[in-house]
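Engineer: after the sequence you'll find the predicted model.
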Amino acid sequence: MGRPKTTTDRLAVFIATAGGAGFLPKAPGTAGSAVGVLLYLLMDATKVGAYFPHAILFLFFAGILAAQRVETFWGHDSQRIVIDEVVGQMIAFSSVGMTQHSWVSVITGFVLFRVFDIVKPFPVRHLERLPGGAGVIADDVGAGLYALAALTLLRQAFGI
């Protein structure tokens, strides 16, 4: 396996590691999820929440390309690649909406996504078998969709 050599390689590493969060020695996936939470809150604070779905789509496609490229350095779905956690975590908040969240809903969404990302219920585990960058991202999209459904139900049932 090689090392990043070009500017494009370094950009792919920056995206794949969510700005370096993937280099944390302990719990890089949790750090990537935290970046997703921070992006959600930052978009709310700066009043650009209407572009939240666009941000998810952009990071989804950029993440696939970046993960595909850095796999040549670190192997398939390396722990350093956390852009998938960022995307999945952001998907989990898709139903909350901007300015409609509470700290309880943010913490609950974070925990739900982490649980579904770790447990990987059917068919999420099968999605990581997809080749290349798509396989890196797809299982976290699935975990994000599970978390989205659970958070939506909890918000409707308990008003969190």
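Structural biologist: Structure received. Numbering: from 1, shown residues only.

Engineer: what about the residue nearest to residue 152 when sequence neighbours are not counted, how many residues nearby?
Structural biologist: In this structure, residue 152 finds its nearest non-sequential neighbour in residue 95, 4.5 Å apart by Cβ to Cβ, 6 or more residues apart in numbering. No exception for glycine: its C-beta is placed from N, CA and C like everyone else's. Residue 95 has 16 neighbours, counted by other Cβ atoms under 10 Å.

Engineer: mind checking what secondary structure residue 95 has?
Structural biologist: Per DSSP: H, G, I helix; E, B strand; the rest coil, the local secondary structure of residue 95 is coil.

Engineer: out of the helices and strands in the chain, which is least certain?
Structural biologist: Least confident helix or strand of the chain, by mean pLDDT, DSSP states H and E, is helix 124-127 with a mean of 93.

Engineer: mind listing what's buried in that helix?
Structural biologist: 124, 127 (16 or more other Cβ atoms under 10 Å).

Engineer: and it, what does it pack against?
Structural biologist: Packed against helix 124-127, as judged by 3 or more Cβ pairs under 8 Å, 6 or more residues apart in numbering; DSSP states H and E, are the following elements: helix 132-158.

Engineer: any weak-confidence spans in this protein?
Structural biologist: Of all residues in the chain, those with pLDDT under 70 make up the ranges 1, 97-99.

Engineer: redo that, cut-off 90
Structural biologist: 1-5, 44-45, 47-50, 73, 75-77, 94-102, 128-129, 159-160 (pLDDT under 90).

Engineer: can you give me the helices in this protein?
Structural biologist: Using DSSP state H, the helices of the chain run over residues 7-16, 28-45, 52-74, 83-92, 103-119, 124-127, 132-158.

Engineer: and those, which is most packed in?
Structural biologist: Most buried of those, by mean neighbour count (mean count of other Cβ atoms under 10 Å): helix 83-92, with a mean of 30.
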